[in-house]
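Peer 1: how would this look folded up:
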Amino acid sequence: MNLNLYQLDRHDIDALIRLSASVGWDYDAAEVNTLLTAGCLFGHKTSHGDLVSSAAIVPYAPTFAFLRMVIVHPQYQRRGLGDAVTAAARDTMPAGSCVALVATPDGRGLYEKMGFEAVTTVHKYVRSRTAAGSPTHLRVASAVALQAMHAKDLARVAELDASAFGVDRQAFLRQRWQQSATSWIATDDAKVMGYALGIKGPVNWILGPLVARDDHYASQLAAQIMASTTDAVRIDVPSPHAEWAADELVRRGFVKVAEPPIMTYLGRPLPTGQGLYALAAQVFG
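Peer 2: This next block holds a predicted model:
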């Protein structure tokens, strides 16, 4: 059967959701729409138009991007489609770029063969569904000034985010904020000390991004998002804040379920910053 590689668009959202479900992943229309808005997706289609592979790349700077959603339908695996679609996404970036991804156990071997190397890890925590009013659900009282995030706050939030993530991703943050179910900032007078988004997914909420100037602000913002839902919540914490996660999140009922590697093409260094307590999601970094 002939298979051709295409750049995907919004007409492919339903097909991408079905493809992700074929490997047990839980992408929904909102998440795929954010990917299409912030980046590019590629995939192989059969002569009948059936989508059987995908890869997404989200560029945050001219020479830095996150690559994810690498999927091959189970019936079409072991044909080199994963290599081809990953290369198509990677090669949208200029030579010498840092292309990063969070690897699944199944995908790590593929990425290593393509030249990706592990440079650090992410600590994935999950809180199961809770009862309203339970200790893991309640927000703790604090003197920290928390307020709902509004469009007028995005420029200041993006400035703080850039200092933590290492590059300016204001356009992505605007789209992610519009997708969020709840969003909060912590302030000290007029200065933004942190922010957090809560994204409602089909299986669980994602707590992230979470950026803060110190552990105290991070904890208060995380607690605010946790208090917004009794649903299951997932958070992906970069290694520099692993100790904070082991203390604050475990105390609030989270369980560490995985520690996947962050890999970069040819081991190129990630942009550096301080204060990134949680990724937007593994797909976005």
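
Peer 1: element containing the nearest residue to residue 157 once chain neighbours are set aside, please.
Peer 2: Among residues not flanking residue 157 along the chain, residue 195 sits closest, at 4.8 Å (Cβ to Cβ, 6 or more residues apart in numbering). In short, each C-beta sits where N, CA and C put it, glycine included. Counting by DSSP states H and E, the element that carries residue 195 is strand 191-200.

Peer 1: in contact with the closest residue to residue 274 other than its chain neighbours, which residues?
Peer 2: Spatial nearest neighbour of residue 274, excluding adjacent residues (Cβ to Cβ, 6+ apart): residue 164 at 6.1 Å. Residues counted as contacts of residue 164 (Cβ atoms under 8 Å, 6 or more residues apart in numbering) are 211, 273, 274, 275, 276.

Peer 1: my guess is the last one contacts residue 238, does it?
Peer 2: Think residue 276. Yes. If you go by Cβ atoms under 8 Å, residue 276 and residue 238 touch, sitting 5.6 Å apart.

Peer 1: looking at these two, which one has more neighbours?
Peer 2: Taking other Cβ atoms under 10 Å, residue 276 and residue 238 do not tie; residue 276 has more neighbours (23 against 20).

Peer 1: nearest spatial neighbour of the more buried one, skipping sequence neighbours?
Peer 2: residue 164 (4.2 Å).

Peer 1: state the distance from that neighbour to residue 283.
Peer 2: Distance of residue 164 to residue 283, computed by Cβ to Cβ, to the nearest Å: 18 Å.

Peer 1: list the contacts of the nearest residue to residue 64 once chain neighbours are set aside.
Peer 2: Nearest residue to residue 64, sequence neighbours excluded (Cβ to Cβ, 6+ apart): residue 98, at 4.9 Å. Applying Cβ under 8 Å, 6+ apart, we find residue 98 in contact with 63, 64, 65, 264, 265, 268, 269, 270, 271.

Peer 1: wait, a strand at residue 71?
Peer 2: Yes. With DSSP: H, G, I helix; E, B strand; the rest coil as the criterion, residue 71 is part of a strand.

Peer 1: ok, it touching residue 54?
Peer 2: Yes. Counting by Cβ under 8 Å, residue 71 does reach residue 54; the two are 4.8 Å apart.

Peer 1: which one of these two is surrounded by more residues?
Peer 2: Neighbour count, other Cβ under 10 Å: between residue 71 and residue 54, residue 54 has more, with 29 against 26.

Peer 1: residues in contact with the more buried one?
Peer 2: Here residue 54 is in contact with 8, 16, 19, 20, 41, 42, 43, 69, 70, 71, 85 (Cβ under 8 Å, 6+ apart).

Peer 1: cross those against strands and list the overlap.
Peer 2: 41, 42, 43, 69, 70, 71 (DSSP state E).

Peer 1: follow-up on the earlier one: mutual contacts of residue 71 and residue 54, please.
Peer 2: 19, 20.
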